[in-house]
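S.K.: pasting the sequence and the predicted coordinates here, then a few questions.
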Amino acid sequence: TQLLEQSPQFLSIQEGENLTVYCNSSSVFSSLQWYRQEPGEGPVLLVTVVTGGEVKKLKRLTFQFGDARKDSSLHITAAQPGDTGLYLCAATVTGTASKLTFGTGTRLQVTL
Amino acid sequence: DVKVTQSSRYLVKRTGEKVFLECVQDMDHENMFWYRQDPGLGLRLIYFSYDVKMKEKGDIPEGYSVSREKKERFSLILESASTNQTSMYLCAIRGLYEQYFGPGTRLTVT
């Protein structure tokens, strides 16, 4: 059973469009991270959210942590080809110490 | 900046060979992790270590072992490589909440 469900799995959009990626679970998280991974490389941390209801912005990326700390979303405004990659959410389930659980990822392709 | 390095970016080995993958960090972090990543299966934890000479099994430890003799170095060992161990291997260290990854090793077992 996948603890973290990401949707959609695949997304192909044109430059300038907006998109939202979701990360959901029935478990409560003590923290949640979003990563971006390019082909042949390791995941790179984008953001960490800790507080329920928290919103963080990173240029054109907006990250939100659900009030109950069970879900999160990543919104990209005016997508660019450089946003292409695999987006992963990962979370520490409350009480599981230092291990992270990863979602299966959302593969985003942004075309001109 | 956190730096995690892995000994090889690409590796091709034959079935039955013993394979060593090495990970080195420069941040004095206690927790280090080895994952494999396969299409459709996401990242799966193989082993992790929370201190020198300490190790714990992750979700898929079968066919692997690890070694942590020094704090900065965490090695993943495939005692007898098999074709189903062809994968992308990722090492990571843990910060306060998040993990920082190395660039990965693409291992092909033929």
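M.R.: It's in.
S.K.: and the next element down the chain from the helix or strand residue A:48 falls within?
M.R.: Residue A:48 belongs to strand A:44-49 when assigned by DSSP states H and E. Beyond strand A:44-49 on the C-terminal side, the first helix or strand identified by DSSP H and E is strand A:55-58.
S.K.: and the helix or strand that that following strand is followed by with strand A:44-49, angle?
M.R.: Counting by DSSP H and E, the next helix or strand C-terminal to strand A:55-58 is strand A:61-65. If you take axes from the mean of the first three to the mean of the last three Cα atoms, to 10 degrees, strand A:61-65 sits at 40 degrees to strand A:44-49.
S.K.: who does strand A:61-65 touch, helix- and strand-wise?
M.R.: strand A:44-49, strand A:55-58, strand A:71-76 (3 or more Cβ pairs under 8 Å, 6 or more residues apart in numbering or on different chains; DSSP states H and E). C-beta coordinates here come from the backbone N, C-alpha and C atoms, glycine included.
S.K.: need those in CSV (columns: mean neighbour count).
M.R.: Shown next, in CSV, are the helices and strands packed on strand A:61-65 (neighbours: other Cβ atoms under 10 Å in any protein chain shown):
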stretch, mean neighbour count
strand A:44-49, 18
strand A:55-58, 12
strand A:71-76, 20
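S.K.: which of those sits closest to chain B?
M.R.: Closest to chain B of the helices and strands packed on strand A:61-65 is strand A:44-49 (Cβ to the nearest Cβ; 5.0 Å).
S.K.: circling back to that earlier point, so can I have a markdown table of the helices and strands packed on strand A:61-65 showing mean pLDDT and distance to residue A:87?
M.R.: Shown next, in a markdown table, are these (pLDDT from 0 to 100; distance: least, Cβ to Cβ, whole Å):
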| stretch | mean pLDDT | distance to residue A:87 |
| --- | --- | --- |
| strand A:44-49 | 95 | 8 |
| strand A:55-58 | 96 | 13 |
| strand A:71-76 | 96 | 6 |
